[in-house]
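J.: No letters, just coordinates:
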């Protein structure tokens, strides 16, 4: 292991669940409002996984009041508190961009 890999290994989260594109997932992340912080949950379909190591991220798409909302979460960020796979989905593609138009 070189110096960069050792540095990255110290910041990687160990408790991330296994999930695939197409799964329904709930992401709890911290939101700072003024001086207070609270946990907010975002539940939707995973449409993309990207990167490796510390740069790994996933994009989650949900429908809220008739509008589609898409958020990208860096998986190893300290802002992301917890990720839970709610239901397993079946996808035959790596990127589910067609869900944006449905």
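T.: Cool, the structure landed. None of the values given here were measured: they were computed from a predicted structure. Numbering: from 1, shown residues only.
J.: Run through this structure and note the low-pLDDT ranges.
T.: Applying pLDDT under 70 to the chain flags residues 1.
J.: which strand of this protein spans the most residues?
T.: Criterion DSSP state E: the longest strand present in the chain is strand 36-50.
J.: Name the next helix or strand downstream of it, please.
T.: strand 57-64 (DSSP states H and E).
J.: so how far is the next helix or strand after that next one from its chain's centroid?
T.: As assigned by DSSP H and E, the chain's next helix or strand after strand 57-64 is strand 67-74. Taking Cα atoms, centre = their mean, to the nearest Å, one finds the center of strand 67-74 at 9 Å from the center of the full chain.
J.: Would you mind getting the angle between strand 67-74 and strand 36-50?
T.: Inter-element angle recorded for strand 67-74 and strand 36-50: 90 degrees (by axes from the mean of the first three to the mean of the last three Cα atoms, to 10 degrees).
J.: ok, strand 67-74: who's next to it in the sheet?
T.: strand 57-64 (antiparallel) (DSSP bridges).
J.: Buried residues, the strand it pairs with. List them.
T.: 58, 59, 60, 61 (16 or more other Cβ atoms under 10 Å). All C-beta atoms are positioned from the backbone trio N, CA, C, and that covers glycine.
J.: what sits against the first one?
T.: By Cβ atoms under 8 Å, 6 or more residues apart in numbering, the residues touching residue 58 are 19, 25, 46, 48, 49, 50, 72, 73, 75.
J.: I'd like the distance between the closest residue to it other than its chain neighbours and residue 38.
T.: Of all residues beyond its chain neighbours, the one nearest residue 58 is residue 49 (5.0 Å), with distances taken as Cβ to Cβ, 6 or more residues apart in numbering. Between residue 49 and residue 38 the computed distance is 27 Å (Cβ to Cβ, to the nearest Å).
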